Each structure stands twice: as structure tokens, then as C-alpha cells.
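*Asks:* I would like the atomic coordinates for the input below:
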Amino acid sequence: MTSGTRPIRLSILDRSSTRQGQSAAQALRDTVRFAQQAEELGYHRFWVSEHHSVPGLAGSAPTVLAAAIAAATATIRVGTGGVMLPNHQPLVVAEQFGVLEALYPGRIDMGLGRSVGFTNGVRRALGQDKEAADTFTTRLTELLGYFTGDQQTHPGVHAHPSEGLPISPFILATGAGADIAATFGLPLVAGGPRATDAITRYRTNFRPSTWSAHPYVIVAATIATADTTEQARHLLLPEAWSTAHSRTHGEFPALRPPEDVLAMTLTPRERTLLEEALRGQLHGTPTEMATALDDLINRTGADEVLVTLSTHSREDMLNSYRHLAAATRNSATSTR
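*Replies:* As a prediction, the model looks like this:
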């Protein structure tokens, strides 16, 4: 599999999902171990996410978790997918990433999103409201200014040790994210059913910047790979069921085995939500996934694919990533 004349880059986003009967502490330790395994498999980046007050997700402090991962690895790039900038003061975010970049030079990615807390209670606890997303561009300007040394929001204030460090910022394409990334000349991370439209706008409107001379697109996708197509689909069921459950009960539960999900008696609404959660996700054998990724890259022109998969069995999850890495390497070798 190639993009132009080079193999496509594969990266990982991990949400530190808890499994049934598992503690959040163990989920976080598993994420660090998983990053080490991803490095061994040749993945390019390993990103972690920000979720607040979600019982089934332990990843609430991405920069702290990224520090632990960077300390436990040696070559893989480490970052966030992403820090939700409306939830934080730009100075603090700049300082956190400055410390990370100073400690692990050339390996840190600053992925940024526009989302705010999921519920009114979480937003109140964060000191924000729904309209906080509208402050994203102002906060982004201030944040980037702390690295270049020319922020004007707070004259005389400097972020140490951030100023002058070559941090790598990325924008998640939620809502107007693609247009903001184009205006600021930053790499874009896009996923979902409207990704192609967002990517087209981004490339059309991209303005070269200090951060990037050319558009750079990472397409995010949920991908499950196994020996058979049916086995691969089963890997998607635990998180899809948790997602459907959260929409009917307001709580994202720990992941359960796919066999448990298959044995459940679901209401028509629950079954519809489960199918919606599975829609657009890719699954199949290694050969099928190599073809599916080729199609995804051809449709989007992606420079990189950010893969996510959360399932009950960590062994099955790791095998899925192992199969995918091997399949893409074999495809790249055969098409050069």
C-alpha cells in the first residue's frame, strides 16, 4: 500500500477503555504497554484522548498519560488526539507540551480539538459552557504564540520551556476544524462520514505557515482485522454496544466480551443504535483490510491513517493491529 511512492503511515489512537472487571488504573497501565507494543510493530504515532467523567474510559488527562508513554518508549511519536482546548487555558497547555517536547525532543505531537464537556455537569466542573467551543481560534492563536514567542493576548507573559521549541500541532476536524486548520496552516485529522468534504475544503483553502508548508491529512478510522471477516466484526461489538448503551442510559460502560453482546436481548431502539455505532467502521481479513485501506487512501488522499480499536480481549486487539501492520507492509512491498 503506497501513497505516491512511499508506504502509507499507520498510527494509533487509544482511549484507555476499561474492560469488565478491570480497574481504571490497570487500563492506563495497559495503554502504556500497548504503546510499547505499537512501537515494536512499526506504528508511526501513538495518541491518547481526553474524556471527562466517563466511567468506561480512563483517559482523562492526555498530557500526563503521554508523558508516561514517552518515558516508556524510544522512537514512536507520542501525542494527543486530542487536548480539548476550550477546556484549558492556552498558557497551561503550552507549558505542558513544552515540558514534553523538552524531555522527548522530536517525538511530541500536540493534537487539539474544539469539543467541550459532554454534559452540563461536566462543563460546569470545567468552568465552561457550550459556547466555549467558539473561543477555539482565539485560544489557538494564543497557544501557538507561546511557542513562536509572539503571543499578544497577555503581553510580557512567556511559556517556559515552550518558546522556540519545534512543537507539532494538529487540528481535529470537528465542526469548523477543517477550515481552522486550513487558515492556520496546520495538519488536519479527519474522520467520519463527512471526512471527504472536510478534507477537500481543507486542501482548497490551506495557507502555508511556519508549521506546515503543505496540507497534511490524517484520516481516522476504526479498523478490526482477524483471520475471518466474522471474527473481525465481533471485535467491533464491545465498543459499539457500549456506545449504544451510553445513548440509552447516559453511561458508557466497561467493555464486555462480544459473546455477551451477541447473547443480549436488545430492544429495537438498542439494536438500531448498535448498528449505527458499527456503521462506517472497517473490518475483515488482512487481505480485505489492505484493500479497504487502499480505497480509503484513494478516496481521501490521506497522508496517514490513525487507527483505533477497543475490544474486550487485549490479545485480540493486539493481534488485529499486528495483522494490519503486516498486511500494509506486504501490500506496500508488492506495489512498489
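
*Asks:* Touching stretch 286-295 from outside, list them.
*Replies:* Identification of contacts with stretch 286-295 by Cβ atoms under 8 Å, 6 or more residues apart in numbering yields 1, 8, 223, 225, 229, 232, 282-284, 305, 323-324, 326-328, 330-331. For glycine as for every other residue, the C-beta is placed from the backbone atoms N, C-alpha and C.

*Asks:* Can you tell me how far the closest residue to residue 123 other than its chain neighbours is from residue 31?
*Replies:* Excluding the flanking residues, the one nearest residue 123 by Cβ to Cβ, 6 or more residues apart in numbering is residue 117, at 3.9 Å. Here residue 117 is placed at a distance of 22 Å from residue 31 (Cβ to Cβ, to the nearest Å).

*Asks:* So which of the contacts of stretch 286-295 sit within strands?
*Replies:* Among the contacts of stretch 286-295, the members falling in strands (DSSP state E) are 223, 225, 282, 283, 284, 305.

*Asks:* tell me the contacts of the nearest residue to the fifth one once chain neighbours are set aside?
*Replies:* In other words, residue 284. In this structure, residue 284 finds its nearest non-sequential neighbour in residue 229, 4.9 Å apart by Cβ to Cβ, 6+ apart. For residue 229, the contact set (Cβ under 8 Å, 6+ apart) comprises 283, 284, 285, 288.

*Asks:* try residue 151
*Replies:* Applying Cβ under 8 Å, 6+ apart to residue 151 gives the contacts 90, 141, 142, 143, 144, 145, 157.

*Asks:* who wins for most neighbours among those?
*Replies:* residue 143 (27 neighbours; other Cβ atoms under 10 Å).

*Asks:* That one contacts residue 94, doesn't it?
*Replies:* Yes: with contact defined as Cβ atoms under 8 Å, residue 143 counts as touching residue 94 (5.6 Å).

*Asks:* list the contacts for residue 96?
*Replies:* For residue 96, the contacting residues are residue 63, by Cβ under 8 Å, 6+ apart.

*Asks:* Now find how far off-centre stretch 99-117 is within its chain.
*Replies:* Centroid displacement of stretch 99-117 relative to its chain, using Cα atoms, centre = their mean, to the nearest Å, is 12 Å.

*Asks:* for it, what is the average pLDDT?
*Replies:* When pLDDT is averaged over stretch 99-117, the result is 94.

*Asks:* ok, now stretch 70-84?
*Replies:* 97.

*Asks:* contacting residues around that stretch?
*Replies:* For stretch 70-84, contacts defined as Cβ under 8 Å, 6+ apart pick out 11, 13, 32-33, 35-36, 38-39, 43-50, 62-63, 66, 69, 93, 100, 103-104, 107-116, 168, 170, 172, 189, 220, 306.

*Asks:* In this structure, what residue spans correspond to helices?
*Replies:* In the chain, the helices defined using DSSP state H lie at 24-41, 62-72, 90-103, 120-126, 136-148, 177-184, 195-205, 229-249, 258-263, 268-278, 286-300, 314-335.

*Asks:* Tabulate the CA atom coordinates of the fifth one in PDB.
*Replies:* C-alpha atoms of helix 136-148 as PDB (Å, rounded to 0.1, in the frame of the first residue of the first chain):
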ATOM      1  CA  PHE A 136     -11.200  28.000  19.900                       C
ATOM      2  CA  THR A 137      -9.500  30.200  17.300                       C
ATOM      3  CA  THR A 138      -8.700  32.800  19.900                       C
ATOM      4  CA  ARG A 139      -7.200  30.200  22.200                       C
ATOM      5  CA  LEU A 140      -5.300  28.600  19.300                       C
ATOM      6  CA  THR A 141      -3.700  31.900  18.300                       C
ATOM      7  CA  GLU A 142      -2.600  32.500  21.900                       C
ATOM      8  CA  LEU A 143      -1.300  28.900  22.300                       C
ATOM      9  CA  LEU A 144       0.800  28.900  19.100                       C
ATOM     10  CA  GLY A 145       2.100  32.300  20.000                       C
ATOM     11  CA  TYR A 146       3.600  31.000  23.200                       C
ATOM     12  CA  PHE A 147       5.800  28.700  21.000                       C
ATOM     13  CA  THR A 148       6.800  31.300  18.500                       C
END
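
*Asks:* This completes my enquiry, with thanks.
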